[in-house]
Structures are given as structure tokens and as C-alpha cells.
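Novice: let's see this in three dimensions:
(one chain, ligands or ions: 1)
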Amino acid sequence: QFPRQCATVEALRSGMCCPDYFPVFGPGTDRCGVSTGRGRCVQVTVDWRPHGPQYIHDGRDDREQWPIRFFNQTCRCNGNFSGYNCGSCRPGWTGPTCSQQINIVRRNLLDLSAEERNRFVNALHQAKVTVHPDIVIATRRREEIFGPDGNTPQFENISIYNYFVWSHYYSVRKTFLGAGQQSFGGVDFSHEGPAFVTWHRYHLLQLERDMQNMLQDPTFGLPYWNFATGQNTCDICSDDLMGARSNFDVSLISQNSIFSQWRVLCENVEDYETLGTICNSTEGGPIRRNPAGNVARPMVQRLPEPEDVAQCLEVGVFDTPPFYSNSTDSFRNTVEGYSDPSGKYDPAVRSLHNLAHLFLNGTGGQTHLSPNDPIFVLLHTFTDALFDEWLRRHSADISTYPLENAPIGHNRQYNMVPFWPPVTNNEMFVTAPENLGYSYEVEWPGRALRVTEMITIAIVTALVLVAIIFAAAACIVRVKKNKDELHQPLLTDQYQHYSDDYDGIPTPSQSVV
Ligand SMILES: O=C1C=c2cc(C(=O)O)[nH]c2=CC1=O
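Specialist: This next block holds a predicted model:
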């Protein structure tokens, strides 16, 4: 959420979070790398436009008009420079002056070689145990951020992967309304609205960049899981990938997988809600996963079909009013999985992204916990690939992305919670290869024909065939007639002339023949 340099009483009191890039003449002398033209410290721009009717507690949540409750000044970087102090590069650029263009390829996990699989699993584990070099998390609401003594900022270190988990939790946590009061759950800054695709896109970009820095490999790309297999098994749940099922407990991961050792973050959600605290970096129990094992809900015992993907990509409008989880004919609500794959909203349906989550049936199926299961990364890269393909096919048409009246956090110009430096939904609504420096190696399924289309094609084909047969018959008749006209009458004529009055000398008409 915030750079370590800004987790101080002074920074919080001043509202300024503009760390030095290289403080040549002491602290505060090179804010945002100003001395080398990387950037400068500016006022934060926030979205003041009205939000939708779902959120009714304005003034009560730190995430409103993000990030103004914490900071109102941030770095604005020039050119391809980026990051909290303009010390890094915009996605798609690398090198000391951020002038080298790169393209990262995100590949199907199942297409990786044994060595690549091993490297990816090890990289995830390294991210799980490596403290984030730049970012710390707030463990209290803004009201209590200075601690019991008013002088101890309540921030903690967190690992790179756990920061990925925590960011998701923070974006979906309920609004605390006071001790003894029920927290308000009608709020979600990353789901059930147009920001679903943009928020999760940035979430992944941030993890990918953190892992590139950790590995010192700017070409590292996150793979994806094509979850649209239509199967009732998890094809990436093997010990060389995301971990097989344990032989001892159906809902645990096999001990041959490193992921059986992972411990989850943000489990005690009831405590946070009643005490008004925030999840911290303390880990709890193991990852639970029981793919296709939810016997109470047969609908979530099978993964989406390839045909669902093909249909979803044909939904032509990005989002539709009320820009929520009951929107119909909305690409966003379809890929998120609250509509059926053709776009029709149906409250009983769970499809695509939602269905893949629920299929996992455990940690990965509960919104406040789901990124604890590393399958989350792969499930979301595939969802992002779908979003990118939709942007390509529909020419990145943002006209139906609402500027206002979307659920809180989802307006086009809203800064996505809890990312720092501020980044709007708008900035992620672009095709990835051209604007964000990554692309997907993926082949999309073609759409099967509908019954009406099949009938139409059959009728047209039959009509064309009949027309061809008629034309051919007419042709044959005409050729035959021509043949008759050319040969038979002439022979008859000639024969008649010669035979009728033949005297050995042809008449003028006979000599022409
Ligand atoms: O982690 C998630 C879990 C989800 C469950 C549903 C659902 O449709 O019930 N949706 C989810 C989204 C998540 O991100």
C-alpha cells in the first residue's frame, strides 16, 4: 500500500508521500528524482464523481476518494519513469533510463517445460518468503493509525506474495461502522463492477513487476491457467505445478508440493470486523482446496466450457447499468461470472471466473482469502487474457465504462484501492501488448453454431444446391438443343438438295455448305 519512507508520523501529518530517488544533499532533496528530471511531487487527483446507490455510509471508510485519507501529495513521473519515487519504469519499458522496450509473454502453464515449471514454482515460493523491499501495510484504520500512544504508526512489513494477498483482502473488506455495530458488506472495490477487470489487471502487473525485481529478470512473465476445460478435474493440480491432492486429507495439498507448507493470511475476518482492525501479516492455517468437491452445489463441480469463452468474447458492450453484479448483456459481468456466458443475467448462474473460484472449493473460493491459493494468479491471468482479447476484438471501446454512478471504487477515474502510487481504472483499459508490454500466447476457441444458425445454413445450402441442379439441367438441355440445331437440320437440308435434284454441279447454296 505505502512506501516504507511514508509510514512515518511526519509524512502522515504532512500528507506528502514523495520519497527521494537519490538524496544527494540529504533527505528531501531529490523528491521523485526531481534533480535528474525523473518526476516531481504533485497534488493527488481523486475521483469526486458520485458513486452508485449500493454504498450508503459516505464518510465512514478510509477507501473513499482513495488515497486522500492518508496522503494528498504523490510523485508524478515523466516519460517512461514510474513508481513511488520515479525510480522504476512504466510497464513495457526497462533499462537505466527506461528507454528499452520489452514484451513479456504470458504462457499456458501446461506448455512450460519441466525446468520452466520448477523455476516458476520456486519463484512463487521465493515471493512468499521475501520481505517486500519497498511497501509496508497499515494494520489499523486511519483513525487509529498513530497507535495507542499517538506516535507509533501502525504499519508492518509483509512478504511480496503476502502483499498480493493483503491488497485483495483490503479491497473487499467490509466497512467498519463502530464497536458493537454490524460492519457493512455492500462494498467491494475490486468485484461486482466495471473495475473488476482493471483492478485485477493492475494487481497482477504489480506482482509480476515485484517478482521481476526479486529475480532480477525483467523478462519474467506470469503464466496462465486455461480453466475453460469443461472438466471436473483440476489439470494444474499436480505436484510439479500447483500441488496434487493430499492422500491423507481430501481438502489439503500433497506434502510433495511446496504449497502444502504455505500458510494463509487474513483468516480471522470476523475479528477484524468486530474489533475494527485490519488483517496484518500474521499467517494462520494451510491452504484448503478440494476441486469439484462441493457436493452441496453440483453446479460448481465442473469447470467452464471452451464454448463459454467463445460466447463471452462476443458480448459487444463492456458494461451496462447498473454496472453491478446484476448487469445484463455486459461483457464485464459475463467474464466475472454473474451472467450466463451469452451475457444474460441470471441470479442462479455462476460462470467463467466465479465458477473457476467456486470449483476450487476452499481457500481459493472465498473472496477475502482467495489469493492465498497460488492458483488465484493463474486463474486471473487467464481472466485478464480474456479481457485483453475482448479489448482487441472490440477496439478497446471505453464508451460504456461509466464515469460516474458505478459502485464505489469502480468509476472510470477512481484510484484503485489500495495501490500506491495512485493509478486509475482508466489506465488499465488499454490493450496490453501495445501499452503494457505483455501479451498472451493463447488460441481462442471458435464459437459453435446455434440451432437457428444451423437451420439457416442448411436451408441456404439446400436452396443453392437446387439452383445449381436446375442451372445444370437447363445447360444440358440447351447444349443438346444447340447440337441438334447445328448438325441435324443442315445434314437433312444438304441431303435433300443433293438427293432431290443432283446433277453433279452444286447449286450456289449447296457450294456454300
Ligand atoms: O475469490 C473469489 C471468490 C468468489 C466466489 C464468488 C461467487 O460467485 O460466489 N465470486 C468470487 C470471486 C472471488 O474473487
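Novice: only C-alpha atoms from now on, for both contacts and neighbour counts.
Specialist: OK.
Novice: distance from stretch 96-109 to the middle of the chain?
Specialist: Remark: stretch 96-109 is offset 18 Å from the chain centroid, using Cα atoms, centre = their mean, to the nearest Å.
Novice: ends of it, how far apart?
Specialist: 31 Å (Cα to Cα, to the nearest Å).
Novice: which parts of that stretch are buried?
Specialist: Buried residues in stretch 96-109, counted by 16 or more other Cα atoms under 10 Å: 98, 102-109.
Novice: what sits against the most centrally placed residue in the chain?
Specialist: Closest to where the C-alpha atoms of the chain average out (Cα atoms, centre = their mean) is D384, at 2.2 Å. D384 makes contact with 197, 200-201, according to Cα atoms under 8 Å, 6 or more residues apart in numbering.
Novice: turn those into a markdown table, including secondary structure and distance to T320.
Specialist: Shown next, in a markdown table, are these (DSSP: H, G, I helix; E, B strand; the rest coil; distance: Cα to Cα, whole Å):
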| residue | secondary structure | distance to T320 |
| --- | --- | --- |
| V197 | helix | 14 |
| H200 | helix | 20 |
| R201 | helix | 20 |
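Novice: quick one on the thing from earlier: ok but the residue nearest to the centre of the chain is inside a strand, no?
Specialist: No. Judged by DSSP: H, G, I helix; E, B strand; the rest coil, D384 forms no part of a strand; its state is helix.
Novice: that one and the ligand, how far apart?
Specialist: For D384, the distance to the ligand equals 13 Å [Cα to the nearest ligand atom, to the nearest Å].
Novice: confidence score at that residue?
Specialist: pLDDT, D384: 99.
Novice: ok, S183 next?
Specialist: 97.
Novice: got the contact list for it?
Specialist: Here S183 is in contact with 174-177, 273-274 (Cα under 8 Å, 6+ apart).
Novice: name the nearest residue to it, ignoring sequence neighbours.
Specialist: F176 (4.8 Å; Cα to Cα, 6 or more residues apart in numbering).
Novice: so the one you found is in contact with E273, correct?
Specialist: Yes. In terms of Cα atoms under 8 Å, F176 counts as a neighbour of E273; the distance is 6.4 Å.
Novice: residues contacting whichever residue of the chain sits closest to the ligand?
Specialist: Nearest residue of the chain to the ligand (Cα to the nearest ligand atom) works out as T367 at 3.3 Å. Contacts for T367 (Cα under 8 Å, 6+ apart) come out as 169, 172.
Novice: so which residues on the protein come close to the ligand?
Specialist: Within the chain, the residues that sit near the ligand (Cα under 6 Å from any ligand atom) are 350, 354, 357-358, 364-367, 370.
Novice: JSON lines for these, including distance to P407, secondary structure and pLDDT?
Specialist: JSON lines is the format used below for those (distance: Cα to Cα, whole Å; DSSP: H, G, I helix; E, B strand; the rest coil; pLDDT from 0 to 100):
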{"residue": "R350", "distance to P407": "21", "secondary structure": "coil", "pLDDT": "98"}
{"residue": "N354", "distance to P407": "19", "secondary structure": "helix", "pLDDT": "98"}
{"residue": "H357", "distance to P407": "22", "secondary structure": "helix", "pLDDT": "98"}
{"residue": "L358", "distance to P407": "23", "secondary structure": "helix", "pLDDT": "98"}
{"residue": "G364", "distance to P407": "24", "secondary structure": "helix", "pLDDT": "98"}
{"residue": "G365", "distance to P407": "22", "secondary structure": "helix", "pLDDT": "98"}
{"residue": "Q366", "distance to P407": "21", "secondary structure": "coil", "pLDDT": "98"}
{"residue": "T367", "distance to P407": "17", "secondary structure": "coil", "pLDDT": "98"}
{"residue": "S370", "distance to P407": "22", "secondary structure": "helix", "pLDDT": "98"}
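Novice: quick one: buried ones out of those residues?
Specialist: Listed as buried from the residues of the chain next to the ligand are 350, 354, 357-358, 364-365, 370; burial here means 16+ other Cα under 10 Å.
Novice: just to revisit the earlier point, in contact with the residue nearest to S183, which residues?
Specialist: Residues in contact with F176, defined by Cα under 8 Å, 6+ apart, are 60-61, 182-184, 273, 276.
Novice: the helices in the chain, which residues?
Specialist: Using DSSP state H, the helices of the chain run over 9-14, 114-129, 160-172, 195-215, 269-275, 306-312, 331-336, 352-360, 375-393, 432-435, 451-501, 508-512.
Novice: go through these and find the least confident stretch.
Specialist: helix 508-512 (a mean of 40).
Novice: skip the chain neighbours and tell me the closest residue to T139.
Specialist: Here the residue nearest T139, using Cα to Cα, 6+ apart, is I278, at 5.0 Å.
Novice: what is in contact with F176 and E273 at once?
Specialist: 182-183.
Novice: one step back: so what's the residue count around the residue nearest to T139?
Specialist: Residues lying near I278 (other Cα atoms under 10 Å) number 22.
Novice: neighbours around the closest residue in space to C32 that isn't next to it in sequence, how many?
Specialist: Counting by Cα to Cα, 6+ apart, C32 lies nearest to N85, which is 4.3 Å off, once chain neighbours are set aside. A total of 28 residues lie near N85 under the criterion other Cα under 10 Å.
Novice: may I have the residues that are in contact with N85?
Specialist: Under the criterion of Cα under 8 Å, 6+ apart, the contact list for N85 reads 18-21, 31-33, 39, 75.
Novice: save these as TSV, and put in neighbour count and pLDDT too.
Specialist: Formatted as TSV, these follow (neighbours: other Cα atoms under 10 Å; pLDDT from 0 to 100):
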residue	neighbour count	pLDDT
C18	28	98
P19	26	98
D20	23	98
Y21	23	97
R31	24	98
C32	33	98
G33	25	98
G39	25	98
C75	28	98
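Novice: just the residues you listed: which are in strands?
Specialist: Secondary structure assignment by DSSP state E places 39, 75 of the contacts of N85 in strands.
Novice: phi and psi next, for the residue of the chain closest to the ligand.
Specialist: Phi and psi for T367, reported as degrees, to the nearest 10, are phi -60, psi -40.
Novice: any idea how far C266 is from it?
Specialist: 11 Å.
Novice: hey, what's in contact with both of the two?
Specialist: Counting by Cα under 8 Å, 6+ apart, the contacts common to T367 and C266 are Y169.
Novice: go through stretch 165-180 and flag the buried ones.
Specialist: For stretch 165-180, burial by neighbour count (16+ other Cα under 10 Å) applies to 165-177.
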